[in-house]
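J.: take this sequence and fold it.
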Amino acid sequence: MKFVIQRVQHASVTVDNEVIGKIGRGYMVLIGVCNDDTKEIADKMVDKMIKLRINEDSEGKTNLDLASVEGELLLVSQFTLYANCKKGNRPSFIDAGSPDHANELYEYIIEKCKERVPVVQTGSFGAMMEVDLLNDGPFTIVLDSKEIM
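T.: All right, here's what the predicted structure looks like:
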């Protein structure tokens with residue numbers, strides 16, 4: 001499982017010219033799932049993301065977690081995080097989770113986040129989405145379950 005976490009001042013996701021998710025200060029998170037991923041892995045990834053101390057304190061040090069800044073979440077599924085570009089110039093996506101498996105875990109992640117974060121907005125699984133954000137920093141972290149488990 002991969003999370004690309006971007007600390008944002010605000011972010012939104014649009015489908016068919018309609019804004020379906022919008023947040024203020026917090027994290028816009030791209031979520032990639034592979035077939036080996038489980039709910040247990042999702043639990044650890046969500047916990048790590050929410051506890052990351054990547055928000056600035058009063059001294060300008062990245063020392064505060066999401067709750068400390070009353071941050072919000074925008075969660076967007078993105079199978080292209082599992083693009084394999086080793087051969088040729090056209091990426092292969094065979095490492096990405098099957099749509100049913102990926103959607104099940106994406107929905108699970110959403111529910112787990114809603115248990116811990118007051119404002120959680122989402123994209124639309126499998127849809128063509130436009131994501132708009134103002135990256136704060138810029139500050140971007142890539143969490144890969146293979147590196148934190």
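J.: every contact and neighbour count from this point should use C-alpha atoms.
T.: OK.
J.: confidence score at the residue most central in space within the chain?
T.: When CA atoms, centre = their mean is applied to the chain, the residue found nearest the centroid is Val29 (2.2 Å). Looking at Val29, its pLDDT is 98.
J.: next SSE after the strand or helix carrying Tyr106?
T.: Following DSSP states H and E, one finds Tyr106 within helix 99-114. Next along the chain after helix 99-114, taking DSSP H and E as the criterion, comes strand 120-122.
J.: sheet-wise, list the partners of that following strand with their directions.
T.: With DSSP bridges as the test, strand 120-122 is paired with strand 72-77 (parallel).
J.: now the strand it pairs with, how far from the chain's geometric center?
T.: 5 Å (CA atoms, centre = their mean, to the nearest Å).
J.: pLDDT (mean, whole number) over that strand?
T.: 98.
J.: thinking again about what came up before, tell me how far the residue nearest to the centre of the chain lies from Lys44.
T.: Distance, Val29 to Lys44, by CA to CA, to the nearest Å: 15 Å.
J.: ok but the residue nearest to the centre of the chain is inside a strand, no?
T.: Yes: applying DSSP: H, G, I helix; E, B strand; the rest coil, one finds Val29 inside a strand.
J.: now do the same end-to-end measure for stretch 22-34.
T.: 26 Å.
J.: return the distance of that stretch from the chain's centre.
T.: Relative to its chain's centre, stretch 22-34 lies at 3 Å (CA atoms, centre = their mean).
J.: could you do stretch 25-44 as well?
T.: The answer for stretch 25-44 is 7 Å, by CA atoms, centre = their mean.
J.: how long is that stretch end to end?
T.: Note: stretch 25-44 ends 23 Å apart using CA to CA.
J.: cool, and stretch 116-123?
T.: Stretch 116-123 end-to-end distance (CA to CA) = 19 Å.
J.: can you list contacts of that stretch?
T.: For stretch 116-123, contacts defined as CA atoms under 8 Å, 6 or more residues apart in numbering pick out 13-14, 20-23, 67, 71-77, 110, 113-114, 129.
J.: list the buried residues of the worst-scoring helix or strand of the chain on mean pLDDT.
T.: Ranked by mean pLDDT, DSSP states H and E, the helix or strand of the chain with the weakest confidence is helix 145-148, at a mean of 94. Counting neighbours by 16 or more other CA atoms under 10 Å, one finds that the buried residues in helix 145-148 are Ser145.
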